[in-house]
Structure formats: C-alpha cells, structure tokens
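**Student:** I'll drop the sequence and a predicted model, then ask my questions.
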Amino acid sequence: MTPQLYTLTKAIRTFFVQHHTVIVVSAIGLLLSYATFTLYQITLGQPEPTNVPTSTIDKFDEDTVNKIKALRDSGNDKTTLKLPSPRPNPFVE
C-alpha cells in the first residue's frame, strides 16, 4: 500500500467513524420518505375497470320458469307464520 493510498483510506475511515450515526439516520430517513411517496402514488392511482359480464345466464329455460311459478303463487297465499311460544325465563320469581 502506498503512503498516499494509506492516508486516503485513513481519512475515509475516520470520516465514517465520526459520522456513522448521521449517515445511517439519513439513509433510513431517505428510505422511509421513498416508501411514503410510493404508497401515496399507489393510493392516487385509478383502478383499472374490469370487464364484468352483466349476466352469466345465456339462455333461461321457460319450462323452468313455469315450474317455479307453479310451486306457489305468492298472490293467493295468505298463510301467516306461526312462531313457537317463547321459552320461560328460569330467573323470574
């Protein structure tokens, strides 16, 4: 190693030993600001529209529709729903 190279490496090593805290904190700050900026840009982006089909049924069978309508006519059915009686409360005196 030449004396000039030795003094140069010694000067660089001394600089890093004295200022390593500032260098590390600055690097972490830059990385955090880059991550924040990237997340901000992602949230501003418009989502791409997807091609959603309006219906997955190409052809509906009319016989099936008639069978469903024949099961129960909602206009003529007047039955009421009977709920079971409530359970007695065991904590009532």
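**Tutor:** Done, it's in.
**Student:** longest helix anywhere in the protein?
**Tutor:** helix 3-44 (DSSP state H).
**Student:** Now that helix: average pLDDT?
**Tutor:** The predicted model gives helix 3-44 an average pLDDT of 93.
**Student:** Which neighbouring elements make contact with that helix?
**Tutor:** In this structure, helix 3-44 makes packing contacts with no helix or strand, judged by 3 or more Cβ pairs under 8 Å, 6 or more residues apart in numbering; DSSP states H and E. Where C-beta positions appear, they are placed from N, C-alpha and C, glycine not excepted.
**Student:** residues touching residue 85, list them.
**Tutor:** The contact partners of residue 85, taken as Cβ atoms under 8 Å, 6 or more residues apart in numbering, number zero.
**Student:** Quick check, pLDDT for it.
**Tutor:** pLDDT recorded at residue 85 is 78.
**Student:** try residue 80
**Tutor:** 74.
**Student:** give me the number of residues near it?
**Tutor:** Neighbouring residues of residue 80 were enumerated by other Cβ atoms under 10 Å; the total is 5.
**Student:** Distance of it relative to residue 87?
**Tutor:** In this structure, residue 80 and residue 87 are separated by 21 Å, where distance is defined by Cβ to Cβ, to the nearest Å.
**Student:** same thing with residue 15?
**Tutor:** When Cβ to Cβ is the yardstick, residue 15 and residue 87 sit 82 Å from each other.
**Student:** Those two: which is more packed in?
**Tutor:** Using other Cβ under 10 Å as the criterion, residue 15 and residue 87 rank with residue 15 on top: 11 against 6.
**Student:** And the residue nearest the centre of the chain?
**Tutor:** residue 43 (11.8 Å; Cα atoms, centre = their mean).
**Student:** Next one: that one from residue 1, what distance?
**Tutor:** Using Cβ to Cβ, which is the criterion applied here, residue 43 is 53 Å from residue 1.
**Student:** Please name the residues that touch residue 9.
**Tutor:** Taking Cβ under 8 Å, 6+ apart as the definition of contact, the neighbours of residue 9 are residue 1.
**Student:** Relative to residue 15, how far out is it?
**Tutor:** When Cβ to Cβ is the yardstick, residue 9 and residue 15 sit 11 Å from each other.
**Student:** What of residue 41?
**Tutor:** Distance of residue 41 to residue 15, given as Cβ to Cβ: 35 Å.
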